[in-house]
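A.B. asks: Sequence plus the predicted model coming up.
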Amino acid sequence: MSVFARRSVLEEEGVAELNRVEHSTVMAAQEQVSRELDGEVVILSLRTGMYYGLDSVGARIWQLIQEPRTVNEVCDAILEEYEVEPDQCEHDLLALLQELAAEGLIEVNDEPVA
């Protein structure tokens, strides 16, 4: 199952909306293991036993969030590395982060960082 196929399910389940604000940070959750394979990433949720796959851009995002980063920092890095319009980058990044959060694969902190 692809994490990209869950957008409508997320909306139905009422998953909290992630905002692209400077103080929102994201980081890979501890209850998972992941490996890069041929430029893509496979993630295993230790909580559910489910496997997930990310394409090359998703793999780069996954690499970036191995330590806490703001959503803005991740988006800015993707804009520098790939040919994508800012609005499209923000939309796709937020969709992916919401899906990863819904699956418990990332932690989201909306509190300001001291």
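C.D. replies: Received, thanks.

A.B. asks: give me the low-pLDDT residue ranges for this protein?
C.D. replies: 1-23, 112-114 (pLDDT under 70).

A.B. asks: Looking at it, which helix is longest?
C.D. replies: helix 86-102 (DSSP state H).

A.B. asks: what packs against it?
C.D. replies: Applying 3 or more C-beta pairs under 8 Å, 6 or more residues apart in numbering; DSSP states H and E, we find helix 86-102 packed against helix 7-13, helix 56-64, helix 71-81, strand 106-109. The C-beta positions use only the backbone N, C-alpha and C, and glycine is treated the same way.

A.B. asks: what angle separates the longest one from helix 56-64?
C.D. replies: Our comparison of helix 71-81 with helix 56-64, counting by axes from the mean of the first three to the mean of the last three C-alpha atoms, to 10 degrees, yields an angle of 130 degrees.

A.B. asks: Could you check how far the residue nearest the centre of the chain is from D38?
C.D. replies: Taking C-alpha atoms, centre = their mean, the centroid of the chain lies closest to L97, which sits 3.2 Å from it. In this view, L97 and D38 are 24 Å apart by C-beta to C-beta, to the nearest Å.
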